[in-house]
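In: Here you go, sequence then predicted model.
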Amino acid sequence: MDFAGKNVLVCGIARSGIAAANLLIKRGAHVTLQDMKAELSADPLPNVTYIVGQEPDEHIKQFHLIVISPGISIYKPFVQMAQALGIPVWGEAELAYRCFPCPMIAITGTNGKTTVTTLVGEILKKHNTGTKVAGNIGIPMAGLVDELREEDIVVAEISSFQLETAVAFRPKISAVLNMTEDHLDRHGNMRTYIAMKARIFANQQAGDYTVLNYENAITREMTPPEGVKVVHFSSMRLPRISTGVYLRDASIYAKLNEDDEEQFIAQLMHIRAHPENALAATAICLCAGVPIEVIAEGLKSFKGVTHRLEFVETLYGVDYYNDSKATNTDAAIQALKAMGRPVVLIGGGYDKQTDFTPWVEMFPKKVKHAILIGQTAQQIAETCDAQGFTAYEYADSMENAVKRAAAVAAPADCVVLSPACASFGMFNNFEERGEKFKELVRKLP
């Protein structure tokens, strides 16, 4: 796509913003980079104008296009002003999509996005060596554009923030893994949050695929445009769907069409991924034309994802797990379900206006002791009191939380960082939080 001579404002000097700026420069655009930080954290790009430490409101009229980072809300006044003036507002994902020469698989949902995206990427690489994994998983899609060929395929993790600015965005295969309460501080209510997620398939056409979770009440009712092939996956032990990907006799089976023969994929005992994630990845890969034997091999060889129930160390009989990617209650609930031993839990962080009750309800049966950190510590404590759970304490830093967890844990216990909250306020992102946790665990005497 050609942007020659266009004045483009890129908001957010982070990885996605820099990647978008570089792509636009190569396409001939005159780029202005804006960020609310008063100082640049990276070396300035050549031939780029900078606006730092202030909103770009007074400059909006001079631009032909505005590209915003996922962290910037579409409800900001300058974004609303641009839209009122008819100036297109895209995200980095929309910009990259318009420049891609190859098809894309886009994966969203409240939980499991990173694991499923990683797993699909690993399986597809065995089938198509030109597979690239990017998006919200950490690699900006705009940074891939110049290395892609028509025969390649991009597997992208897509967040609701990225979908806010979707316009022409049209993946060949889309997937919505699940929907539970999250990001209400940004979207305001569940109706808007669901609507944002549904934009992942809004532009799909006949011949495209949408993979949906049949066991989630919201995704089960989602309806892509007419002609798009819907493939459901079901994690119930008895098949509740006549076609799709499902569990039977502790194994994964698939039957995409009524006239197809049922096909055995793999036994659960040979797979490290959570069953729902394995089912979703299988469905996506089948839609992409990957042979069954390649899917089975990929499922069996998968090693897991960093920061998602990642084993760190065993010290004095206590296992330590990093689940920093659990940034909402549903993800944290799944972590507790996976633990078969008493848990010393480190939880809390940035307030996304979430109800912690469903998570805390599990504490009496699963959690031996909870150490609460961050902005939401008091709110979680009040929820604990309401549930009659009193085995908790506060810590004012991750360092003190890890020290207290080590002191409380006994042999055969496990210490789990599973915050149920975003990291902002204490860390820049969940990756930094998880790495700090691992570093502190490895420094324990």
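Out: Sure thing, it's come through.
In: wait, is I346 part of a helix?
Out: No. I346 is assigned strand when assessed by DSSP: H, G, I helix; E, B strand; the rest coil, not a helix.
In: how close does it sit to A250?
Out: 33 Å (Cβ to Cβ, to the nearest Å). Where C-beta positions appear, they are placed from N, C-alpha and C, glycine not excepted.
In: These two - which one has more neighbours?
Out: When neighbours are counted by other Cβ atoms under 10 Å, I346 comes out ahead of the other of I346 and A250, with 25 against 10.
In: and the more buried one, what does it touch?
Out: 370-371, 373, 395, 398, 401-402, 405, 415-419, 437 (Cβ atoms under 8 Å, 6 or more residues apart in numbering).
In: Neighbour count and pLDDT added to these, as JSON lines?
Out: Converted to JSON lines, these look like this (neighbours: other Cβ atoms under 10 Å; pLDDT from 0 to 100):
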{"residue": "A370", "neighbour count": "25", "pLDDT": "98"}
{"residue": "I371", "neighbour count": "24", "pLDDT": "98"}
{"residue": "I373", "neighbour count": "24", "pLDDT": "97"}
{"residue": "A395", "neighbour count": "19", "pLDDT": "97"}
{"residue": "M398", "neighbour count": "20", "pLDDT": "97"}
{"residue": "A401", "neighbour count": "25", "pLDDT": "97"}
{"residue": "V402", "neighbour count": "24", "pLDDT": "97"}
{"residue": "A405", "neighbour count": "27", "pLDDT": "97"}
{"residue": "V415", "neighbour count": "29", "pLDDT": "97"}
{"residue": "V416", "neighbour count": "29", "pLDDT": "97"}
{"residue": "L417", "neighbour count": "30", "pLDDT": "97"}
{"residue": "S418", "neighbour count": "27", "pLDDT": "96"}
{"residue": "P419", "neighbour count": "32", "pLDDT": "96"}
{"residue": "F437", "neighbour count": "29", "pLDDT": "97"}
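In: List just the nearest of those to S234.
Out: S418 (26.1 Å; Cβ to Cβ).
In: For H274, see how far away the residue nearest to A377 when sequence neighbours are not counted is.
Out: The shortest distance from A377 to any non-neighbouring residue, by Cβ to Cβ, 6 or more residues apart in numbering, is to G348 (4.6 Å). To H274, G348 is 24 Å away according to Cβ to Cβ.
In: higher neighbour count, those two?
Out: G348 (26 against 21).
In: is it true that that one touches I380?
Out: Yes. With contact defined as Cβ atoms under 8 Å, G348 reaches I380; the gap is 5.6 Å.
In: overlap in contacts of the two?
Out: By Cβ under 8 Å, 6+ apart, the residues touching both G348 and I380 are L372, A420.
In: Just the buried positions in stretch 335-351, please.
Out: Within stretch 335-351, the residues scored as buried using 16 or more other Cβ atoms under 10 Å are A335, L336, M339, V343, V344, L345, I346, G347, G348, G349, Y350.
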